[in-house]
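Student: give me a model of this one.
(2 chains)
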2 protein chains.
Amino acid sequence: MDYYGSQITKLIQQLSALPGIGGKSAQRLAFHIVNMPVEQVKHLAETILEAREHICYCRECCTLTDQEICPICSNPVRDKKTIMVVESSRDLAAYEKTGKYNGVYHVLQGAISPLLGIGPGDIRLKELMQRLQGDVEEVIIATNSSLEGETTAMYISKLIKPTGIRVSRIASGVPVGGDLEYIDEMTLLRALEGRVEL
Amino acid sequence: MDYYGSQITKLIQQLSALPGIGGKSAQRLAFHIVNMPVEQVKHLAETILEAREHICYCRECCTLTDQEICPICSNPVRDKKTIMVVESSRDLAAYEKTGKYNGVYHVLQGAISPLLGIGPGDIRLKELMQRLQGDVEEVIIATNSSLEGETTAMYISKLIKPTGIRVSRIASGVPVGGDLEYIDEMTLLRALEGRVEL
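Tutor: Model prediction:
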């Protein structure tokens, strides 16, 4: 399989080990990289190393960041009394892109999954409960709409209810622009149950 | 847009500048990388740098490699009398994967394209003609089946014909497993023209 020489082959192998990158893409990327100006390649390698070196969890919300407190938690404009609970930093990014949410987040770094042996102690729940001892008005649970996400949402809401803090769950239903014909039955039923009066 | 901290954001930006990697994939890759063991990340960065550093064109066939003579040209088992002309090292890899071709290659590193201002002098044609002064029996032209590929094939065949060396072109037609219904008219006509007696 080594028709390029060992170094390119090694690069292709390593790239294809990354998520979402198959053999063909890895090849394409490798050829792109070896054709890039040397300076740019050095810069890329450095960026990779630096990002890895400085990565840590935000001391407040547990998102992945390279600062002790992430840019959102350290932003004085954000409403610290509203906490949105998400499974991953990528879910946080998805809500940030809407540009409409002004509260802060709590990143669980996972979801409860009895099948995978992930229990409540394996995600950042203790940290969430600690934060709730401060001045918090509402916890919005925005875990995924999967079995694990729902289980986690139920578990958290039961945990928080006794504290008297308001707990809500993001709505589940037909996606905007979605064609009913192509939507699964579970979603259709959820949309029906969650109907709102006009 | 900086909700992760500057270093991760920088990494995402640089990854999304690579071909075939959009914003979402770049984010996914970046998070994967910062979660990888430090040693592995160092190894990845080194591999990238080393591959770029040692990249060169094979002195024989002009493919991208990290040796003076690529693994195929330096393989004594390969038939040096048969040269397959391809546009890129990736095309070479595609034929190598069939495992059935035992000749050598010549990589043009491009194709003639009047539209893009790429003339015969801009691809590795001079190098090919030099190789033909040695002991060569057949040149198989395997440029792409695109306008540029066909133009290049025509140009090369006209150049080689006077030398008396056999010149052939890979067949064009319906791909194996292809459903006629979904194949474009040009391909269907080509397949008809190129029909072989049974």
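Student: check which helix or strand covers A:Phe31.
Tutor: Using DSSP states H and E, A:Phe31 falls within helix A:23-35.
Student: what's that helix packed up against?
Tutor: helix A:6-16, helix B:38-54, strand B:64-65, helix B:89-98 (3 or more CB pairs under 8 Å, 6 or more residues apart in numbering or on different chains; DSSP states H and E). Glycine gets a C-beta too; all of them are placed from N, C-alpha and C.
Student: now with 6 Å, please.
Tutor: Where contact means 3 or more CB pairs under 6 Å, 6 or more residues apart in numbering or on different chains; DSSP states H and E, helix A:23-35 is packed against helix A:6-16.
Student: how far is the helix it packs on from where the chain is centred?
Tutor: 29 Å (CA atoms, centre = their mean, to the nearest Å).
Student: quick check: closest non-adjacent residue to A:Gln13.
Tutor: Leaving aside its sequence neighbours, A:Gln13 sits nearest to A:Ala26 (CB to CB, 6 or more residues apart in numbering or on different chains; 7.6 Å).
Student: my guess is the one you found meets A:Ala17, correct?
Tutor: No. A:Ala26 is not in contact with A:Ala17 according to CB atoms under 6 Å; the separation is 8.4 Å.
Student: tell me which of the two has more neighbours.
Tutor: Remark: of A:Ala26 and A:Ala17, A:Ala26 carries more neighbours, 18 against 13, as counted by other CB atoms under 10 Å in any protein chain shown.
Student: tally of neighbours for A:Thr187?
Tutor: 16.
Student: distance of it from chain B?
Tutor: For A:Thr187, the distance to chain B (CB to the nearest CB, to the nearest Å) stands at 22 Å.
Student: touching the helix or strand that contains that residue from outside, list them.
Tutor: Here A:Thr187, judged by DSSP H and E, is contained in helix A:185-193. With CB atoms under 6 Å, 6 or more residues apart in numbering or on different chains as the test, helix A:185-193 has contacts from A:172-174.
Student: ok, back up a step: for the residue nearest to A:Gln13, give its distance to chain B.
Tutor: From A:Ala26 to chain B the distance is 10 Å (CB to the nearest CB).
Student: next, the contact list for that residue, please.
Tutor: A:12, A:15-16.
Student: can you read off the pLDDT for it?
Tutor: The model reports A:Ala26 with a pLDDT of 93.
Student: surely A:Leu64 meets A:Asp91?
Tutor: No. Contact criterion CB under 6 Å: A:Leu64 and A:Asp91 do not qualify, at 11.8 Å.
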